[in-house]
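Novice: Sequence first, predicted model second:
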Amino acid sequence: MTTVESQVSMAGALNRALGDALAADPTVLVFGEDVGALGGVFRVTDGLAARFGEERVFDTPLAESGIVGTAIGMAMNGLRPVVEMQFDAFAYPAFEQITSHLAKLRNRTRGRVSLPVVIRVPYGGGIGGVEHHCDSSEAYYTHTPGLRVVTPGTPDDAYRLLRDSIDSPDPVIFLEPKRRYWAKGALAGEPIPFDRAMVRRTGRDVTLIAYGPMVATALETAEAAAEEGWDVEVVDLRSLSPFDDETVCASVVKTGRAVVVHEASGFGGYGAEVVARVTERCFHHLHAPVLRVTGFDIPYPPPKLEAHHLPHVDRILDAIARLQWDDEVVGSYRA
């Protein structure tokens, strides 16, 4: 893919990435619950079973632990499985397989066994779903050494990151922001390293650090902030583990202020690690504490309340305002 293509949805970009990977490498397999004839709950695998046959794209029993365990065995024997966990919280039955085996076998065998397994996980809220369908579970996976964890914020990145994930010799947790499945963008095909963050918008006053579903929200906030006279830089992390300290810290050193945004609950959330890393590395360049804007520390709320629970433009603008106009503020803050 070398030419710029017109508007494609994120779901369409993921579908294309899977199709291109299946066509390029006969060892790639795609399987999970309802990914075959139905094409997945979100239709990300639509048409792939008809195109490549049921031996390479197929449905599994409703048993996530069995799905991942099967993928591990396949990878140990030379295949490259790409499996789908139908929803974020549905992946928890497979957690023991992921943390005790998938993440550890390469180290346990001193590199003799690699596990090129990609686990696709639709995650996050914003679709009017109920509990078990809207979790933001990234911190569980990033806390597990041996796993790569990536999440796209745009259709173009969805294509590129998924192709890189499938090519990786390491196991990858591929988190797909389900609220962005229908967002459209161009597929430019410009290469960027798999484990690097990207500056989506340059600015001089404050750095917004976001990933996955919050990238679009951060960019919207930056546009609104411009009306207030604030020049906001937006950094899309892309790779949650490993973490790109270089790109993030270069931005924060330049602006002197930072806000981390994510959907997951704040306490013990992934943003706490980002704040710690930025503070340790950029302390003498900071004009104010690094703030967080996150979901609230509650179980995921009913659909009618999720708009209040999820970070939105006004909450992020409020955090920016506190950074811009109160350089003497001390202590720990979280919007």
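Specialist: That came through fine.

Novice: Let me see the backbone angles for the residue nearest the centre of the chain.
Specialist: Nearest to the geometric centre of the chain sits residue 151, at 2.1 Å (Cα atoms, centre = their mean). The phi/psi pair for residue 151 (degrees, to the nearest 10) reads phi -150, psi 130.

Novice: Then residue 177?
Specialist: Residue torsions, per degrees, to the nearest 10, at residue 177 are phi -70, psi 100.

Novice: from memory it sits against residue 151, does it?
Specialist: Yes. Between residue 177 and residue 151 there is a contact at 6.6 Å, judged by Cβ atoms under 8 Å. (C-beta placed from N, C-alpha, C; glycine too.)

Novice: can you map out the helices along this structure?
Specialist: 10-24, 48-52, 64-76, 95-97, 105-108, 138-142, 155-167, 214-226, 245-255, 270-282, 306-309, 313-325 (DSSP state H).

Novice: tell me the angle the longest one makes with helix 155-167.
Specialist: This means helix 10-24. 30 degrees (axes from the mean of the first three to the mean of the last three Cα atoms, to 10 degrees).

Novice: Mind listing residues that contact helix 10-24?
Specialist: By Cβ atoms under 8 Å, 6 or more residues apart in numbering, the surrounding residues in contact with helix 10-24 are 1, 8, 28, 30, 42-48, 51-52, 56-57, 82, 120, 152, 154-156, 158-160, 162-163, 166-167, 176-177, 180-185, 187.

Novice: Off-centre distance for that helix?
Specialist: Taking Cα atoms, centre = their mean, to the nearest Å, one finds the center of helix 10-24 at 17 Å from the center of the full chain.

Novice: Help me confirm that residue 323 comes into contact with residue 255.
Specialist: No. The criterion here is Cβ under 8 Å, and residue 323 misses it with residue 255 at 9.5 Å.

Novice: quick one: low-confidence ranges for this protein?
Specialist: Counting by pLDDT under 70, the chain contains low-confidence residues at 1-5, 189, 325-335.

Novice: any idea of the angle the top strand by length along it forms with helix 270-282?
Specialist: For the chain, the strand with the greatest residue count under DSSP state E is strand 258-265. Interaxial angle of strand 258-265 relative to helix 270-282 (the same axes, to 10 degrees): 160 degrees.

Novice: Show me the strands in the stretch 1-150 of the chain, by range?
Specialist: 5-9, 28-32, 57-59, 80-84, 118-123, 148-150 (DSSP state E, counting those that start in this stretch).

Novice: now the angle from the fifth one to strand 258-265?
Specialist: Strand 118-123 and strand 258-265 meet at an angle of 90 degrees, taking the same axes, to 10 degrees as the criterion.

Novice: Quickly run through the sheet partners of the longest strand of the chain, with directions.
Specialist: strand 206-210 (parallel), strand 291-295 (parallel) (DSSP bridges).
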